[in-house]
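Chemist: I'd like to go over a predicted model; first the sequence, then the structure.
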Amino acid sequence: MKSEKTSKKVSTKKDEQLKKSTIEYENKPLTTRQGLKVNDTNNSLKAGARGATLLEDFLLREKIHNFDHERIPERIVHARGSGAHGYFELYDSIEEYSKAGIFTDTSRKTPVFARFSTVAGSKGSTDLARDVRGFAVKFYTDEGTWDLVGNNMPIFFIQDAMKFPDLIHSVKPEPHQEIPQAASAHDTFYDFVSLTPETLHNHIWVMSDRAIPRSLRMMEGFGIHTFRLINKEGKAHFVKFHWKPKLGVHSVTWDEAVKISGADSDFHRRDLWDAIEAGHYPEWELGLQIVPEEDEHKFDFDLLDPTKLIPEEMVPVKIVGKMVLNRNPENFFAETEQVAFMPGSIVPGIDFTNDPLLQGRLFSYRDTQLSRLGTHNFHQIPINKPVGEARNNQRDGHMQTEIPKGRTAYFPNSIGGGCPYLSSVEEGGFESYQERIDANKIRTRSESFNDHFSQPALFYRSLSDWEKEHVVGAYSFELGKCDIKHIKERMLYLIDKIDADLAEKVAKNLGMKVPSSIEQPVNQAIGADADVEAQQPTEKKIYLDESPKLSQANTDFSSIVTRQIAVLVGDGFSMSQFKTVKDALEKEGAMVKLIAPHGGTVTCDEGMEHKVDASIMTTESVLFDAVYIPGGKSSIEAISAQAKFTKFVNESYKHCKAIAVNGEAEAFLKNTAISDITGDDALFVNGKPEAFIKAIAKHRNWKRREKAEKIPA
Ligand code: HDE
């Protein structure tokens, strides 16, 4: 494992470029913004030691002036985010589909900056909100910057950009009281969802474990829209982009999410940072679902409808390369906050489609950067600069930081020799794909976009039993937090159309009945989109019984890399038992942390002192993936004396995590609510470390869940 300080590492063209804008502070004098050395930054200039402060004090004014302007507007959506640098590498050229350098040149390491985010919460909100996660990647390619601005779910809530402000206004804190923060469980959101059946597919994904990832490094990413790839001959193929995480797709439970939000609301941000600092670089493979243009209409849904996915069983995902994130930002504000993603940033070889949601996004992102970053020159901010120089006749404006040379700022010109000059398509000039369109100008939605129940039903059918239980729990929680009865009834009516059993279970938890009909509020005031029957004129379609790829039960369970293992110890713990388990876990890449009754150090039974990673007072079981307790009489006495250790184990058991104990620690289990220690695939008393490791890699022992439910933790 690499232990090199990653912040010092410079490996890509973008890293080199950013380095030129990076300022070192070590062993350097403090100066004003004008470069004047300062000899007192603690006291203002006054008339007498107790006297009034003087207007003359330029040092005070400069310092306070900067402070007054330190904040910029947070993103209207995706305000809470974490980013990292890295690179993308192509495995094999796919020139038959795309002429883009990034898809044809296998010798390149294309620099990337990725930013992951929640959607609804403010900048300082919890990482563990039940929400979609943004998955935005900026590729600094030699031909210009390409932004793939996606999410961790393959579909979106709405079909037309026109509805985006309504969707977001409904999910954001309610306007009269600014409650709730980073939560969809409130009346306005469900008012909108229940009146907008097209939201149901993305919504059921949000009710699934996908909305509460264990780590940003353990979630998939999707470009969502159908895009186009264009090859050298100008031939186009439709494409959907997928990111597949090397570590598999894993989640926490809702009970953990709620508790993590209190114990460490930076859980995902810290996890990403720590993994990179430890040299465990997160990796995703990029996959493409490619559909020939002639097959555009062969599906039971419209490829341009962003509320539909193409099941992987129908069009397999072709893996073409990988992204590795290997460097944390030097400065959060300068990089993660100021990075400006725009779906409109593309390169030759990739192009848009007419997906009406994508079309609206092409306008929105550039526009929003202006209010966020304060100038249309935001492309000159180091994190946003392309790796090649940007040269054109668009000049001046706030914060022009470059000095464009020459006498001409127009085209065509003869005085400047025609420069900057145009490039032919052969020379790399961008040419929009020439799609033939013969249509009336009309404000409507295509009928091919109707059918809002087939895919949510496919998703639900494809889940394992434990995933389905979590979906029931999520709907019950969310609707249970709503006050208005007719909204809940309408939701139950719609859920019933997805799956009758699901609706029945949710209704029971709400203490309600599934209504057999609802009043269709179709009138000018509400809008025809709320008419469920018109939106679903046909029966639900079943084009696949199940799509196993949609279930997290079928993800990769082979690795325990970066899994956090809590070792509960007091003075006198058994060194030999601890060492055997620790060595085995660390060999597989897990992170072993000592939790003791106090901070500082603990002494093992061989008299060695060990640094305590966290005292039990400062940590919680929900921050860990598994628990190990070595033997040692006095150690077990010490942890038995503090009830929080018992709570720690009870809770880990409740969350179906792997637990292993050795020697005297077996007696400790008697303090806990674990009634039966036999016959559990993830509970080990003096077991082999290999079996423990396997159970951790399995992530959870869901077979335990009935017993676990009964644990009062
Ligand atoms: Fe966004 N979205 N979005 N969005 N979106 C923004 O741009 C918008 C949509 C996504 O880490 C904003 O720079 C409209 C789909 C991500 O900086 C804004 C519509 C998908 C991020 C905006 C959508 C996304 C944003 C706010 C409907 C998945 C965070 C700040 C037409 C494919 C990027 C900003 C980052 C951010 C508008 C729908 C993903 C306001 C109008 C669909 C990951 O421009």
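Modeler: All right, it came through fine. Keep in mind that what you see is a predicted model, and the values were worked out from it rather than measured. Residues are numbered from 1 along each chain as shown.

Chemist: Now do the lengthiest helix in the chain: which elements does it pack against?
Modeler: Longest helix in the chain, counting residues (DSSP state H): helix 356-373. Using 3 or more Cβ pairs under 8 Å, 6 or more residues apart in numbering; DSSP states H and E as the contact test, the elements touching helix 356-373 are helix 164-171. Any C-beta I mention is one placed from the backbone N, CA and C, and that applies to glycine too.

Chemist: re earlier: determine how far the longest helix of the chain lies from the middle of the whole chain.
Modeler: 20 Å (Cα atoms, centre = their mean, to the nearest Å).

Chemist: Equivalent analysis for stretch 46-60, please.
Modeler: 49 Å.

Chemist: Could you pull out the buried residues of it?
Modeler: Of all the residues in stretch 46-60, those buried under the rule 16 or more other Cβ atoms under 10 Å are 59-60.

Chemist: Okay, buried residues for the helix or strand harbouring residue 18 please.
Modeler: Using DSSP states H and E, residue 18 sits in helix 13-20. Within helix 13-20, the residues that count as buried by 16+ other Cβ under 10 Å are 13-15, 17-18.

Chemist: and which of those is nearest residue 532?
Modeler: The nearest member of the buried residues of helix 13-20 to residue 532, counting by Cβ to Cβ, is residue 14 at 48.8 Å.

Chemist: List the contacts of residue 555.
Modeler: The contact partners of residue 555, taken as Cβ atoms under 8 Å, 6 or more residues apart in numbering, are 248-250.

Chemist: mind checking how far it is from the ligand?
Modeler: Applying Cβ to the nearest ligand atom, to the nearest Å, the value for residue 555 to the ligand is 21 Å.

Chemist: Ramachandran coordinates for that residue?
Modeler: Residue 555 has phi and psi values of phi -80, psi -170 when expressed as degrees, to the nearest 10.

Chemist: Now do the same for the residue of the chain found nearest the ligand: its pLDDT.
Modeler: Closest to the ligand within the chain is residue 134: 2.7 Å, counting by Cβ to the nearest ligand atom. At residue 134, the model reports a pLDDT of 98.

Chemist: and if you look at the one 5 residues further on?
Modeler: According to the per-residue confidence, residue 139 scores 98 in pLDDT.

Chemist: Which strands or helices does whichever helix or strand it is part of pack on?
Modeler: Using DSSP H and E, residue 139 sits within strand 133-141. Strand 133-141 is packed against strand 81-90, helix 101-104, strand 110-118, strand 144-151, strand 221-222, with contacts defined by 3+ Cβ pairs under 8 Å, 6+ apart.

Chemist: and the longest helix of the chain, which residues are buried?
Modeler: Buried residues in helix 356-373, defined by neighbour count with 16+ other Cβ under 10 Å: 356-361, 364-366, 368-369, 372-373.

Chemist: what's the answer for stretch 467-477, then?
Modeler: Neighbour counts using 16+ other Cβ under 10 Å place 467-468, 470-477 of stretch 467-477 among the buried residues.

Chemist: How far does the strand holding residue 139 sit from its chain's centre?
Modeler: Using Cα atoms, centre = their mean, the offset of strand 133-141 from its chain centre is 11 Å.

Chemist: now that strand and strand 81-90, what's the angle there?
Modeler: Counting by axes from the mean of the first three to the mean of the last three Cα atoms, to 10 degrees, strand 133-141 lies at 50 degrees to strand 81-90.

Chemist: OK, contacts around residue 195?
Modeler: Residue 195 sits next to 490, 521, 526-527, 529-530 when contact means Cβ under 8 Å, 6+ apart.

Chemist: Which positions in the chain make contact with the ligand?
Modeler: Counting by Cβ under 6 Å from any ligand atom, the chain comes close to the ligand at 75-78, 81, 115, 117, 134, 136, 149-151, 156, 161, 164, 224, 306, 340-341, 357, 360-361, 364-365, 368.

Chemist: Separate out the buried members of those.
Modeler: Buried members of these, scored by 16+ other Cβ under 10 Å, are 75, 77-78, 81, 115, 117, 134, 136, 149-151, 156, 161, 164, 224, 306, 340-341, 357, 360-361, 364-365, 368.

Chemist: What residues of the helix or strand just after the helix holding residue 18 count as buried?
Modeler: Using DSSP H and E, the helix or strand that follows helix 13-20 towards the C-terminus is helix 58-68. Along helix 58-68, these residues count as buried under the neighbour rule (16+ other Cβ under 10 Å): 59-60, 63.

Chemist: Equivalent analysis for stretch 141-151, please.
Modeler: For stretch 141-151, the neighbour count (16+ other Cβ under 10 Å) marks 141, 143-151 as buried.

Chemist: go on, stretch 637-657?
Modeler: Neighbour-count burial for stretch 637-657 [16+ other Cβ under 10 Å]: 638-640, 642, 645-657.

Chemist: Spell out the secondary structure type for the closest residue to residue 504 other than its chain neighbours.
Modeler: In this structure, residue 504 finds its nearest non-sequential neighbour in residue 514, 6.2 Å apart by Cβ to Cβ, 6 or more residues apart in numbering. Following DSSP: H, G, I helix; E, B strand; the rest coil, we place residue 514 in the coil state.

Chemist: Now render the contacts of residue 555 as a markdown table, adding neighbour count.
Modeler: Listed next are those as a markdown table, based on neighbours: other Cβ atoms under 10 Å:
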| residue | neighbour count |
| --- | --- |
| 248 | 20 |
| 249 | 20 |
| 250 | 21 |
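
Chemist: of these, closest to residue 229?
Modeler: Distances from residue 229 to those, taken by Cβ to Cβ, are shortest for residue 249, at 25.6 Å.

Chemist: surely the closest one meets residue 218?
Modeler: Yes - contact criterion Cβ atoms under 8 Å: residue 249 and residue 218 qualify, at 6.0 Å.

Chemist: measure the residue nearest to the residue of the chain closest to the ligand when sequence neighbours are not counted to residue 209 for me?
Modeler: Nearest residue to residue 134, sequence neighbours excluded (Cβ to Cβ, 6+ apart): residue 117, at 3.7 Å. Residue 117 sits at a distance of 19 Å from residue 209 (criterion: Cβ to Cβ, to the nearest Å).

Chemist: how about the helices in the stretch 501-650 of the chain?
Modeler: Secondary structure of the stretch 501-650 of the chain by DSSP state H, counting those that start in this stretch: the helices cover 532-535, 575-587, 633-640, 643-654.

Chemist: Could you export those helices as a markdown table, including mean pLDDT and distance to residue 444?
Modeler: Below are these laid out as a markdown table (pLDDT from 0 to 100; distance: least, Cβ to Cβ, whole Å):
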| stretch | mean pLDDT | distance to residue 444 |
| --- | --- | --- |
| helix 532-535 | 82 | 13 |
| helix 575-587 | 98 | 59 |
| helix 633-640 | 98 | 67 |
| helix 643-654 | 97 | 51 |
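
Chemist: I'd like the ones you listed as CSV, with distance to residue 432 appended.
Modeler: Shown next, in CSV, are the helices of the stretch 501-650 of the chain (distance: least, Cβ to Cβ, whole Å):
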stretch, distance to residue 432
helix 532-535, 33
helix 575-587, 53
helix 633-640, 66
helix 643-654, 56
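
Chemist: Relative to residue 282, which of those helices is closest?
Modeler: helix 575-587 (18.9 Å).

Chemist: For the closest one, name the packing helices and strands.
Modeler: In terms of contacts (3+ Cβ pairs under 8 Å, 6+ apart), helix 575-587 is packed against strand 564-568, strand 591-596, helix 689-697.
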